[in-house]
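Student: What would the 3D arrangement of this be:
(one chain, ligands or ions: 3)
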Amino acid sequence: MAVYGEMILWSFVFLLAAAVGQTVIYSLTSTCAVRGSTVTLPCTFTPRKSFNDGWREVPLKIVRVRWCKNHEICHRGTPSVFDSNSANSDPRYQYLGDMKTNCTLQIRDVQQGDSATFRFRMEADHPEGHFTNTTGVTVRVDDLTKMRIISSSDDKKLSRGETVTLLCASVCTFHQLEVTWFKDGHALSETGPSLLLCPLTAEDSGNYTCALKKNMKTLSEPYSLQVEAGAADGVLRLVLGVVFGLLLAVILLVLFIFIIKRKLAAAEHQRAVGGDPEQKHPDSIYSNIMKSAQTEAAQQQEPGRAVEDVSYASVQFKQKKQEGRRFQAADDDVVYSSVSSRG
Ligand SMILES: *[C@@H]1O[C@H](CO)[C@@H](O)[C@H](O)[C@H]1NC(C)=O
Ligand SMILES: *[C@@H]1O[C@H](CO)[C@@H](O)[C@H](O)[C@H]1NC(C)=O
Ligand SMILES: *[C@@H]1O[C@H](CO)[C@@H](O)[C@H](O)[C@H]1NC(C)=O
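Tutor: Residues are numbered from 1 along each chain as shown. Ligands and ions are numbered 1, 2, ... in the order given. Got it, this is the predicted structure:
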(Lines give C-alpha, C1' and ligand atoms only; values in the text may rest on other atoms or scores of the structure.)
(Ligands and ions follow the chains in the order given, each with its own letter.)
Protein backbone atom coordinates (compact mmCIF):
# COMPACT_ATOMS: atom_id res chain seq x y z
CA MET A 1 0.00 0.00 0.00
CA ALA A 2 2.84 2.34 0.83
CA VAL A 3 4.30 1.79 -2.63
CA TYR A 4 0.94 2.67 -4.25
CA GLY A 5 0.68 5.84 -2.17
CA GLU A 6 4.13 6.90 -3.21
CA MET A 7 3.38 6.28 -6.86
CA ILE A 8 0.19 8.32 -6.68
CA LEU A 9 2.03 11.10 -4.92
CA TRP A 10 4.71 11.19 -7.59
CA SER A 11 2.04 11.07 -10.25
CA PHE A 12 0.38 14.12 -8.70
CA VAL A 13 3.67 15.97 -8.74
CA PHE A 14 4.26 15.01 -12.35
CA LEU A 15 0.74 15.92 -13.47
CA LEU A 16 0.86 19.24 -11.62
CA ALA A 17 4.07 20.10 -13.38
CA ALA A 18 2.63 19.05 -16.74
CA ALA A 19 -0.67 20.81 -16.28
CA VAL A 20 0.38 24.03 -17.94
CA GLY A 21 -2.30 26.52 -18.91
CA GLN A 22 -4.26 25.80 -22.07
CA THR A 23 -3.60 27.98 -25.07
CA VAL A 24 -5.03 28.63 -28.50
CA ILE A 25 -2.68 30.44 -30.85
CA TYR A 26 -3.94 32.09 -34.04
CA SER A 27 -0.96 32.65 -36.35
CA LEU A 28 -2.94 35.37 -38.09
CA THR A 29 -5.21 37.60 -36.06
CA SER A 30 -6.48 39.50 -39.07
CA THR A 31 -6.63 38.72 -42.72
CA CYS A 32 -8.30 39.94 -45.82
CA ALA A 33 -9.82 37.77 -48.50
CA VAL A 34 -11.29 38.40 -51.90
CA ARG A 35 -14.86 37.19 -52.34
CA GLY A 36 -14.94 33.75 -53.89
CA SER A 37 -11.45 32.86 -52.74
CA THR A 38 -10.31 30.28 -50.19
CA VAL A 39 -8.78 31.53 -46.98
CA THR A 40 -7.04 29.48 -44.30
CA LEU A 41 -7.01 30.49 -40.62
CA PRO A 42 -3.99 28.73 -39.08
CA CYS A 43 -4.44 27.76 -35.46
CA THR A 44 -2.79 25.54 -32.84
CA PHE A 45 -3.99 24.66 -29.36
CA THR A 46 -2.66 23.08 -26.18
CA PRO A 47 -5.38 21.49 -24.09
CA ARG A 48 -5.16 21.22 -20.36
CA LYS A 49 -4.05 17.71 -19.40
CA SER A 50 -5.79 17.53 -16.01
CA PHE A 51 -7.22 19.54 -13.15
CA ASN A 52 -7.28 19.21 -9.41
CA ASP A 53 -10.79 18.71 -8.03
CA GLY A 54 -9.47 19.33 -4.50
CA TRP A 55 -8.92 15.65 -3.79
CA ARG A 56 -7.01 14.43 -6.76
CA GLU A 57 -5.69 15.30 -10.20
CA VAL A 58 -8.38 14.54 -12.81
CA PRO A 59 -7.14 13.94 -16.37
CA LEU A 60 -8.87 15.85 -19.14
CA LYS A 61 -9.73 14.87 -22.66
CA ILE A 62 -10.92 17.15 -25.47
CA VAL A 63 -14.34 15.98 -26.64
CA ARG A 64 -15.51 18.87 -28.79
CA VAL A 65 -13.97 21.59 -30.95
CA ARG A 66 -15.86 24.48 -32.53
CA TRP A 67 -15.39 27.66 -34.50
CA CYS A 68 -17.84 30.51 -34.08
CA LYS A 69 -18.42 33.72 -35.96
CA ASN A 70 -18.70 37.01 -34.05
CA HIS A 71 -19.25 35.46 -30.63
CA GLU A 72 -16.88 36.17 -27.76
CA ILE A 73 -16.99 32.78 -26.07
CA CYS A 74 -18.65 30.47 -28.57
CA HIS A 75 -20.21 28.42 -25.79
CA ARG A 76 -23.46 26.58 -25.14
CA GLY A 77 -26.05 27.07 -27.86
CA THR A 78 -24.08 29.69 -29.83
CA PRO A 79 -24.34 28.94 -33.53
CA SER A 80 -21.02 27.83 -34.88
CA VAL A 81 -19.60 27.59 -38.37
CA PHE A 82 -17.95 24.34 -37.42
CA ASP A 83 -18.81 21.95 -34.61
CA SER A 84 -17.23 18.52 -34.25
CA ASN A 85 -20.42 17.40 -32.53
CA SER A 86 -22.63 18.42 -35.43
CA ALA A 87 -22.87 16.71 -38.78
CA ASN A 88 -24.63 19.58 -40.54
CA SER A 89 -21.94 22.23 -40.67
CA ASP A 90 -21.73 24.48 -43.74
CA PRO A 91 -19.36 22.63 -46.15
CA ARG A 92 -17.70 25.96 -46.97
CA TYR A 93 -16.05 25.74 -43.53
CA GLN A 94 -13.54 22.94 -43.46
CA TYR A 95 -11.86 21.98 -40.21
CA LEU A 96 -8.32 20.97 -41.18
CA GLY A 97 -7.30 20.39 -37.57
CA ASP A 98 -7.76 17.58 -35.08
CA MET A 99 -8.74 17.00 -31.42
CA LYS A 100 -5.21 17.30 -30.05
CA THR A 101 -3.16 20.28 -31.25
CA ASN A 102 -4.24 21.59 -34.65
CA CYS A 103 -7.30 23.85 -34.97
CA THR A 104 -6.81 25.23 -38.48
CA LEU A 105 -10.00 26.32 -40.26
CA GLN A 106 -10.38 26.83 -43.98
CA ILE A 107 -13.12 28.96 -45.50
CA ARG A 108 -13.90 28.23 -49.13
CA ASP A 109 -15.75 30.51 -51.54
CA VAL A 110 -15.52 33.46 -49.15
CA GLN A 111 -18.76 35.44 -49.01
CA GLN A 112 -19.47 38.97 -47.87
CA GLY A 113 -20.93 37.57 -44.63
CA ASP A 114 -17.54 36.16 -43.73
CA SER A 115 -16.41 39.65 -42.80
CA ALA A 116 -16.29 38.73 -39.11
CA THR A 117 -14.13 37.58 -36.20
CA PHE A 118 -13.75 33.83 -35.91
CA ARG A 119 -12.93 32.17 -32.59
CA PHE A 120 -11.95 28.67 -31.71
CA ARG A 121 -13.28 26.88 -28.63
CA MET A 122 -12.26 23.56 -27.20
CA GLU A 123 -14.40 21.61 -24.78
CA ALA A 124 -13.11 18.82 -22.58
CA ASP A 125 -14.92 16.03 -20.78
CA HIS A 126 -15.06 18.39 -17.82
CA PRO A 127 -15.89 22.14 -17.93
CA GLU A 128 -12.47 22.83 -16.39
CA GLY A 129 -10.98 21.99 -19.76
CA HIS A 130 -13.21 24.33 -21.79
CA PHE A 131 -11.42 27.25 -23.34
CA THR A 132 -11.93 29.99 -25.90
CA ASN A 133 -9.20 32.46 -26.93
CA THR A 134 -11.31 35.57 -27.42
CA THR A 135 -8.67 37.30 -29.59
CA GLY A 136 -9.91 35.40 -32.60
CA VAL A 137 -9.12 35.97 -36.28
CA THR A 138 -10.74 38.93 -37.98
CA VAL A 139 -11.54 38.37 -41.64
CA ARG A 140 -12.22 41.28 -43.93
CA VAL A 141 -13.85 40.49 -47.25
CA ASP A 142 -12.52 42.87 -49.84
CA ASP A 143 -13.40 43.15 -53.49
CA LEU A 144 -11.93 46.51 -54.29
CA THR A 145 -8.28 46.15 -53.42
CA LYS A 146 -6.25 46.45 -56.59
CA MET A 147 -3.77 43.80 -57.54
CA ARG A 148 -0.17 44.85 -57.95
CA ILE A 149 2.62 43.45 -60.05
CA ILE A 150 5.87 42.41 -58.41
CA SER A 151 8.83 41.65 -60.66
CA SER A 152 11.52 39.12 -59.88
CA SER A 153 13.98 41.74 -61.13
CA ASP A 154 14.50 45.15 -59.55
CA ASP A 155 15.48 46.50 -62.94
CA LYS A 156 12.71 47.66 -65.23
CA LYS A 157 15.08 47.71 -68.19
CA LEU A 158 16.10 44.17 -68.99
CA SER A 159 18.24 42.66 -71.70
CA ARG A 160 17.20 40.17 -74.30
CA GLY A 161 17.65 36.54 -73.29
CA GLU A 162 17.15 37.30 -69.61
CA THR A 163 14.39 35.73 -67.52
CA VAL A 164 11.81 37.62 -65.51
CA THR A 165 8.79 36.50 -63.50
CA LEU A 166 5.95 38.89 -62.86
CA LEU A 167 3.80 38.12 -59.85
CA CYS A 168 0.23 39.33 -59.57
CA ALA A 169 -0.15 39.98 -55.86
CA SER A 170 -2.69 41.36 -53.45
CA VAL A 171 -2.69 42.25 -49.76
CA CYS A 172 -5.82 40.10 -49.62
CA THR A 173 -5.99 36.35 -50.08
CA PHE A 174 -7.23 35.35 -53.53
CA HIS A 175 -6.26 31.68 -53.29
CA GLN A 176 -7.99 29.46 -55.88
CA LEU A 177 -9.04 32.45 -57.98
CA GLU A 178 -7.84 32.78 -61.54
CA VAL A 179 -5.78 35.74 -62.63
CA THR A 180 -6.01 37.41 -66.02
CA TRP A 181 -2.86 38.95 -67.49
CA PHE A 182 -2.85 41.78 -70.00
CA LYS A 183 -0.08 43.16 -72.16
CA ASP A 184 -0.81 46.61 -73.57
CA GLY A 185 -4.48 45.95 -72.88
CA HIS A 186 -4.66 42.59 -74.65
CA ALA A 187 -5.44 39.51 -72.56
CA LEU A 188 -2.76 36.82 -72.40
CA SER A 189 -3.54 33.12 -72.04
CA GLU A 190 -1.89 32.72 -68.60
CA THR A 191 -4.26 32.34 -65.63
CA GLY A 192 -1.80 31.75 -62.80
CA PRO A 193 -0.57 34.38 -60.36
CA SER A 194 2.91 34.35 -61.91
CA LEU A 195 3.88 35.17 -65.47
CA LEU A 196 7.20 33.76 -66.62
CA LEU A 197 8.92 35.59 -69.47
CA CYS A 198 11.86 33.51 -70.65
CA PRO A 199 13.89 34.21 -72.64
CA LEU A 200 13.05 37.87 -73.06
CA THR A 201 12.71 39.24 -76.58
CA ALA A 202 12.04 42.76 -77.81
CA GLU A 203 8.38 41.79 -78.27
CA ASP A 204 8.03 41.32 -74.49
CA SER A 205 8.42 45.07 -74.00
CA GLY A 206 5.18 46.71 -72.98
CA ASN A 207 2.81 47.64 -70.20
CA TYR A 208 1.57 44.68 -68.17
CA THR A 209 -1.51 44.62 -65.96
CA CYS A 210 -3.29 41.85 -64.11
CA ALA A 211 -6.65 41.37 -62.45
CA LEU A 212 -8.75 38.66 -60.91
CA LYS A 213 -10.75 36.97 -63.62
CA LYS A 214 -14.07 37.46 -61.86
CA ASN A 215 -13.43 41.03 -60.84
CA MET A 216 -11.99 43.67 -63.16
CA LYS A 217 -12.20 46.22 -60.33
CA THR A 218 -9.01 44.60 -59.05
CA LEU A 219 -7.06 45.58 -62.21
CA SER A 220 -3.51 46.51 -61.27
CA GLU A 221 -1.55 49.59 -62.21
CA PRO A 222 0.50 48.98 -65.37
CA TYR A 223 3.97 47.61 -65.01
CA SER A 224 6.20 48.87 -67.79
CA LEU A 225 8.80 46.41 -69.01
CA GLN A 226 11.53 47.41 -71.43
CA VAL A 227 13.71 44.86 -73.13
CA GLU A 228 16.90 46.29 -74.55
CA ALA A 229 19.62 44.85 -76.73
CA GLY A 230 22.27 43.80 -74.25
CA ALA A 231 26.06 43.45 -74.56
CA ALA A 232 25.65 39.76 -75.32
CA ASP A 233 23.28 40.76 -78.08
CA GLY A 234 25.93 42.96 -79.72
CA VAL A 235 28.42 40.09 -79.75
CA LEU A 236 25.77 37.81 -81.24
CA ARG A 237 25.07 40.34 -83.99
CA LEU A 238 28.82 40.60 -84.75
CA VAL A 239 29.17 36.79 -84.95
CA LEU A 240 26.12 36.58 -87.21
CA GLY A 241 27.54 39.34 -89.43
CA VAL A 242 30.87 37.55 -89.82
CA VAL A 243 29.17 34.22 -90.55
CA PHE A 244 26.91 35.85 -93.11
CA GLY A 245 29.85 37.62 -94.79
CA LEU A 246 31.81 34.37 -95.05
CA LEU A 247 28.82 32.57 -96.45
CA LEU A 248 28.33 35.26 -99.09
CA ALA A 249 32.03 35.07 -100.08
CA VAL A 250 31.82 31.28 -100.46
CA ILE A 251 28.67 31.56 -102.58
CA LEU A 252 30.30 34.16 -104.86
CA LEU A 253 33.44 32.01 -105.22
CA VAL A 254 31.41 28.93 -106.13
CA LEU A 255 29.42 30.99 -108.64
CA PHE A 256 32.65 32.37 -110.17
CA ILE A 257 34.19 28.89 -110.53
CA PHE A 258 30.98 27.62 -112.07
CA ILE A 259 30.91 30.39 -114.68
CA ILE A 260 34.60 29.89 -115.56
CA LYS A 261 34.08 26.14 -115.91
CA ARG A 262 31.08 26.66 -118.14
CA LYS A 263 33.00 29.07 -120.36
CA LEU A 264 35.90 26.62 -120.67
CA ALA A 265 33.54 23.75 -121.45
CA ALA A 266 31.79 25.87 -124.07
CA ALA A 267 35.11 26.73 -125.74
CA GLU A 268 36.13 23.07 -125.73
CA HIS A 269 32.84 22.05 -127.25
CA GLN A 270 33.10 24.66 -130.00
CA ARG A 271 36.58 23.43 -130.89
CA ALA A 272 35.33 19.85 -131.11
CA VAL A 273 32.45 20.79 -133.40
CA GLY A 274 34.18 23.47 -135.54
CA GLY A 275 37.09 21.19 -136.60
CA ASP A 276 39.11 18.22 -135.37
CA PRO A 277 42.07 19.66 -133.55
CA GLU A 278 44.11 16.72 -134.86
CA GLN A 279 43.38 17.93 -138.38
CA LYS A 280 43.69 21.62 -137.70
CA HIS A 281 47.18 21.39 -136.36
CA PRO A 282 48.53 19.50 -139.41
CA ASP A 283 47.07 22.29 -141.54
CA SER A 284 49.40 24.81 -140.02
CA ILE A 285 52.24 22.30 -140.18
CA TYR A 286 51.57 21.85 -143.87
CA SER A 287 51.57 25.53 -144.49
CA ASN A 288 54.94 25.69 -142.77
CA ILE A 289 56.15 22.79 -144.79
CA MET A 290 54.68 24.42 -147.81
CA LYS A 291 56.64 27.56 -146.99
CA SER A 292 59.88 25.69 -146.45
CA ALA A 293 59.26 23.71 -149.60
CA GLN A 294 58.70 26.95 -151.42
CA THR A 295 61.94 28.51 -150.24
CA GLU A 296 63.85 25.37 -150.96
CA ALA A 297 62.38 25.24 -154.39
CA ALA A 298 63.25 28.86 -154.97
CA GLN A 299 66.79 28.22 -153.91
CA GLN A 300 67.33 25.00 -155.81
CA GLN A 301 65.20 25.38 -158.93
CA GLU A 302 63.83 27.94 -161.30
CA PRO A 303 60.93 30.16 -160.22
CA GLY A 304 58.57 28.59 -162.78
CA ARG A 305 58.86 25.18 -161.28
CA ALA A 306 58.62 26.47 -157.81
CA VAL A 307 55.15 27.91 -158.55
CA GLU A 308 54.08 24.54 -159.93
CA ASP A 309 55.41 22.88 -156.77
CA VAL A 310 53.38 25.15 -154.58
CA SER A 311 50.16 24.62 -156.48
CA TYR A 312 50.68 20.89 -156.43
CA ALA A 313 51.42 20.87 -152.74
CA SER A 314 48.28 22.86 -152.05
CA VAL A 315 46.14 20.44 -153.95
CA GLN A 316 47.73 17.51 -152.24
CA PHE A 317 47.30 18.95 -148.74
CA LYS A 318 43.66 19.80 -149.20
CA GLN A 319 42.65 16.49 -150.61
CA LYS A 320 44.74 14.17 -148.51
CA LYS A 321 45.67 15.93 -145.32
CA GLN A 322 46.48 12.74 -143.44
CA GLU A 323 49.15 11.93 -145.95
CA GLY A 324 51.00 15.12 -145.02
CA ARG A 325 53.30 13.29 -142.65
CA ARG A 326 54.33 10.87 -145.35
CA PHE A 327 54.97 13.77 -147.63
CA GLN A 328 57.02 15.44 -144.96
CA ALA A 329 59.13 12.32 -144.57
CA ALA A 330 59.49 11.85 -148.35
CA ASP A 331 62.55 12.95 -150.22
CA ASP A 332 62.30 16.31 -151.95
CA ASP A 333 63.58 14.84 -155.12
CA VAL A 334 60.76 12.34 -155.33
CA VAL A 335 58.22 15.11 -154.96
CA TYR A 336 59.76 17.23 -157.55
CA SER A 337 60.04 14.36 -159.93
CA SER A 338 56.41 13.54 -159.56
CA VAL A 339 55.56 17.23 -160.07
CA SER A 340 57.71 17.32 -163.18
CA SER A 341 56.02 14.25 -164.58
CA ARG A 342 52.65 15.94 -164.12
CA GLY A 343 53.79 19.18 -165.48
C1 LIG B 1 -4.72 34.09 -27.86
O2 LIG B 1 -4.32 34.33 -29.21
C3 LIG B 1 -3.35 35.31 -29.36
C4 LIG B 1 -3.10 35.44 -30.85
O5 LIG B 1 -2.70 34.23 -31.39
C6 LIG B 1 -2.08 34.93 -28.63
O7 LIG B 1 -1.11 35.94 -28.74
C8 LIG B 1 -2.39 34.68 -27.18
O9 LIG B 1 -1.24 34.20 -26.49
C10 LIG B 1 -3.50 33.66 -27.05
N11 LIG B 1 -3.84 33.49 -25.64
C12 LIG B 1 -3.97 32.29 -25.10
C13 LIG B 1 -4.27 32.28 -23.66
O14 LIG B 1 -3.86 31.26 -25.74
C1 LIG C 1 -2.55 21.87 -39.21
O2 LIG C 1 -3.17 21.20 -40.28
C3 LIG C 1 -3.09 21.86 -41.51
C4 LIG C 1 -3.92 21.06 -42.50
O5 LIG C 1 -3.64 19.70 -42.45
C6 LIG C 1 -1.65 21.92 -41.92
O7 LIG C 1 -1.54 22.59 -43.15
C8 LIG C 1 -0.87 22.68 -40.86
O9 LIG C 1 0.48 22.67 -41.18
C10 LIG C 1 -1.07 22.04 -39.50
N11 LIG C 1 -0.43 22.88 -38.50
C12 LIG C 1 0.46 22.41 -37.64
C13 LIG C 1 1.05 23.37 -36.68
O14 LIG C 1 0.78 21.24 -37.62
C1 LIG D 1 3.31 52.25 -71.54
O2 LIG D 1 2.88 53.30 -70.70
C3 LIG D 1 3.64 54.48 -70.82
C4 LIG D 1 3.07 55.48 -69.82
O5 LIG D 1 2.78 54.85 -68.63
C6 LIG D 1 3.55 55.02 -72.23
O7 LIG D 1 4.38 56.15 -72.37
C8 LIG D 1 4.01 53.95 -73.19
O9 LIG D 1 3.83 54.39 -74.51
C10 LIG D 1 3.22 52.66 -72.99
N11 LIG D 1 3.76 51.64 -73.83
C12 LIG D 1 3.02 50.92 -74.66
C13 LIG D 1 3.73 49.90 -75.50
O14 LIG D 1 1.80 51.06 -74.73
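Student: Those residues of the stretch 51-200 of the chain touching ligand 3, which are they?
Tutor: Asp184 (CB under 6 Å from any ligand atom). From N, CA and C alone the C-beta is placed, and that goes for glycine too.
Student: So which bits of the stretch 51-200 of the chain are right by ligand 1?
Tutor: Checking the stretch 51-200 of the chain against ligand 1 by CB under 6 Å from any ligand atom, the hits are Asn133, Thr135.
Student: mind running it again at 8 Å?
Tutor: Phe131, Asn133, Thr134, Thr135, Gly136 (CB under 8 Å from any ligand atom).
Student: of the residues you listed, buried ones?
Tutor: Phe131, Asn133, Gly136 (16 or more other CB atoms under 10 Å).
Student: Give the residue spans of this protein that score low on pLDDT.
Tutor: Along the chain, the model assigns pLDDT under 70 to residues 1-20, 230-237, 272-343.
Student: Mind giving me the packing neighbours of the lengthiest helix in it?
Tutor: If you go by DSSP state H, the chain has its longest helix at helix 231-274. Identification of packing neighbours for helix 231-274 by 3 or more CB pairs under 8 Å, 6 or more residues apart in numbering; DSSP states H and E yields strand 157-159.
Student: Helices of the protein, residue ranges please.
Tutor: 2-18, 231-274, 277-300, 303-319, 324-329, 332-342.
Student: thinking again about what came up before, please tabulate the residues of the stretch 51-200 of the chain next to ligand 1 in JSON lines, including the columns distance to ligand 2.
Tutor: Shown next, in JSON lines, are those (distance: CB to the nearest ligand atom, whole Å):
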{"residue": "Phe131", "distance to ligand 2": "18"}
{"residue": "Asn133", "distance to ligand 2": "15"}
{"residue": "Thr134", "distance to ligand 2": "21"}
{"residue": "Thr135", "distance to ligand 2": "17"}
{"residue": "Gly136", "distance to ligand 2": "18"}
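Student: Cross the residues you listed against strands and list the overlap.
Tutor: Judged by DSSP state E, strands contain the following of these: Phe131.
Student: And the residues of the stretch 51-200 of the chain next to ligand 1, which is closest to ligand 3?
Tutor: The closest of those to ligand 3 turns out to be Gly136 (CB to the nearest ligand atom; 43.0 Å).
Student: Got the phi and psi for the closest one?
Tutor: phi 70, psi -180 (degrees, to the nearest 10).
Student: Repeat that for Ser189.
Tutor: Dihedral angles for Ser189 - degrees, to the nearest 10 - are phi -80, psi -20.
Student: what residues are up against the closest residue to Ile107 other than its chain neighbours?
Tutor: Using CB to CB, 6 or more residues apart in numbering and skipping the chain neighbours, the partner closest in space to Ile107 is Val39 (5.1 Å). If you count contacts by CB atoms under 8 Å, 6 or more residues apart in numbering, Val39 has them with Thr31, Ala33, Gln106, Ile107, Val110, Asp114, Val139, Thr173, His175.
Student: go again using 6 Å as the cut-off
Tutor: Ala33, Ile107, Val110, Thr173 (CB atoms under 6 Å, 6 or more residues apart in numbering).
Student: Turn the buried ones among the residues you listed into a named ChimeraX selection, would you?
Tutor: Those of the contacts of Val39 that count as buried under 16+ other CB under 10 Å are selected in ChimeraX with:
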select :33,107,110,173
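Student: Just give me the closest of the contacts of Val39 to Leu166.
Tutor: Thr173 (19.5 Å; CB to CB).
Student: Tell me how far that closest one lies from Glu221.
Tutor: From Thr173 across to Glu221, the span is 20 Å (CB to CB, to the nearest Å).
Student: Quick check: beta-bridge partners of Arg148?
Tutor: Under DSSP bridges, the beta-bridge partners of Arg148 are Ala169.
Student: ah, wrong one, I meant Val137
Tutor: Where Val137 sits in a bridge, its partners, by DSSP bridges, are Phe118.
Student: ok, it - contacts?
Tutor: Tyr26, Leu28, Thr29, Leu41, Phe118.
Student: so Cys74 sits right up against Glu123, yeah?
Tutor: No - the criterion here is CB atoms under 6 Å, and Cys74 misses it with Glu123 at 9.7 Å.
Student: tally of neighbours for the closest residue to Asp143 other than its chain neighbours?
Tutor: Closest residue to Asp143 in three dimensions, ignoring its sequence neighbours and counting by CB to CB, 6+ apart: Arg35, at 5.2 Å. Using other CB atoms under 10 Å, Arg35 has 19 neighbouring residues.
Student: Show the contacting residues for Arg35.
Tutor: Val110, Val141, Asp143.
Student: hmm, 7 Å instead?
Tutor: Val110, Gln111, Gln112, Val141, Asp143 (CB atoms under 7 Å, 6 or more residues apart in numbering).
Student: how far away is whatever residue of the chain ends up closest to ligand 3 from ligand 1?
Tutor: At 3.8 Å from ligand 3, Asn207 is the closest residue in the chain, using CB to the nearest ligand atom. The gap separating Asn207 from ligand 1 is 42 Å, by CB to the nearest ligand atom, to the nearest Å.
Student: what is Met122 paired to in the beta sheet?
Tutor: Applying DSSP bridges, one finds that Met122 bridges with Val65, Phe131.
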